[in-house]
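Visitor: build the 3D model from these lines:
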Amino acid sequence: MSTPTASRLLRHAASRTTAAASTKTFQRQQLCQLRPLTPISNNTSLPRVISPTSSIQLQSRQFSAAARWKAGLMPDTHDPQPPIDSTKADTKALAPSPLSDEEYHEHADRYMDALHERAEQLQETREDVEVEFAAGVMSITLPPNGTYVINKQPPNKQIWLSSPISGPKRYDWVVEGEGLHEKEGGGVGDWVYLRDGTRLTELLRKEVGVSVDVVGDNIDLKKPSTDPVE
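Guide: Alright, predicted model coming up:
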């Protein structure tokens with residue numbers, strides 16, 4: 001090989017080496033100029049995205065809160081408001097009629113005797129019924145209800161009832177039907193539970209099945225006679 005040819009080959013090789021070195025240097029410079037990514041700080045606020053599920057849960061909580069606020073307003077809630085019973089509106093006007101001791105025993109004995117008679121009639125039709133009456137205390141055993149106890153209470157001028165269904169009650173003698181514009185002596189009396197206005201006669205008819213007639217027990221029986229003594 002001649003000397004000029006060898007020189008050209010050496011210059012060409014050197015040129016290629018220099019170009020390759022320049023390329024690597026440029027790439028390193030580009031890498032050095034790239035900045036690292038800045039990490040997101042914990043305090044950085046990001047926009048909040050509400051998913052459809054979160055929206056449904058929020059609406060559900062609002063509905064539950066509204067439902068709890070209205071609790072007690074509907075009849076089927078756990079704690080409903082007590083209904084207003086219009087049938088008890090007139091019970092405030094009821095008051096026991098004044099009775100002397102003699103008048104009390106007259107009304108109470110008449111009622112107890114009539115009840116005893118009806119209870120014995122019921123006993124004759126049912127073998128499982130037992131009736132006892134002594135010293136102003138009557139017991140009526142009526143399966144499957146249980147035992148009813150009816151007794152006089154002279155100190156209070158009342159008749160007391162112990163019912164296995166409706167519980168204990170105290171009845172006063174009340175005369176109704178003799179108002180300012182009604183005929184004197186036209187009132188009819190009955191033994192009434194003043195708290196709710198129920199009558200002893202009605203309760204015995206419903207629970208025991210006996211009917212005590214108190215139509216004859218009107219107000220004339222408790223009024224002293226005004227006829228002159230001859």
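
Visitor: and P96, what's its pLDDT?
Guide: Per-residue confidence at P96 stands at 88 (pLDDT).

Visitor: thought it was touching Y171?
Guide: No - checked against CB atoms under 8 Å, the pair P96 and Y171 is beyond contact range at 9.5 Å. (C-beta placed from N, C-alpha, C; glycine too.)

Visitor: which one's more surrounded, the two?
Guide: Taking other CB atoms under 10 Å, P96 and Y171 do not tie; Y171 has more neighbours (24 against 16).

Visitor: so the more buried one touches S163, yeah?
Guide: No - counting by CB under 8 Å, Y171 sits too far from S163 to count as a contact (11.6 Å).

Visitor: next, the buried residues of the strand ranked longest in the chain.
Guide: Of all the segments of type strand in the chain, defined by DSSP state E, the longest one is strand 167-176. Across strand 167-176, burial judged by 16 or more other CB atoms under 10 Å covers 169, 171-175.

Visitor: again, but for stretch 108-127
Guide: In terms of neighbour count (16+ other CB under 10 Å), stretch 108-127 has its buried residues at 108, 111-112, 114-116, 118-119, 123.

Visitor: got the contact list for that stretch?
Guide: With contact meaning CB atoms under 8 Å, 6 or more residues apart in numbering, stretch 108-127 is reached by 129-131, 133, 136, 138, 140, 142, 150, 152, 159, 173, 191, 200, 204, 208-214, 217.

Visitor: of these, which belong to strands?
Guide: Using DSSP E, these in strands are 130-131, 133, 138, 140, 142, 150, 152, 159, 173, 191.

Visitor: report the buried members of these.
Guide: Buried by 16+ other CB under 10 Å: 131, 133, 138, 140, 142, 150, 152, 159, 173, 191, out of the ones in strands among the contacts of stretch 108-127.

Visitor: in the protein, what helix or strand scores lowest on average pLDDT?
Guide: Lowest by mean pLDDT, DSSP states H and E among the helices and strands of the chain is helix 52-69, with a mean of 49.

Visitor: ok so, going back, closest to S100 among the ones in strands among the contacts of stretch 108-127?
Guide: Using CB to CB, W173 is the member of those that lies nearest S100, at 11.4 Å.

Visitor: sorry, back to before: now the buried ones among the ones in strands among the contacts of stretch 108-127 as TSV including distance to R11?
Guide: Formatted as TSV, those follow (distance: CB to CB, whole Å):
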residue	distance to R11
V131	145
F133	148
M138	144
I140	140
L142	136
I150	141
K152	146
I159	142
W173	144
W191	141
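
Visitor: now the two most distant members of these.
Guide: Within these, two members stand farthest from each other by CB to CB: L142 and W173, at 25.3 Å.

Visitor: quick one, phi psi at T198?
Guide: phi -80, psi 150 (degrees, to the nearest 10).

Visitor: do you know how far it is from E130?
Guide: 25 Å (CB to CB, to the nearest Å).

Visitor: P144 too?
Guide: 14 Å.

Visitor: quick one on the thing from earlier: quick check: next helix or strand after the least confident helix or strand of the chain?
Guide: The element immediately downstream of helix 52-69 (helix or strand, assigned by DSSP states H and E) is helix 101-125.

Visitor: okay then, goodbye and thanks.
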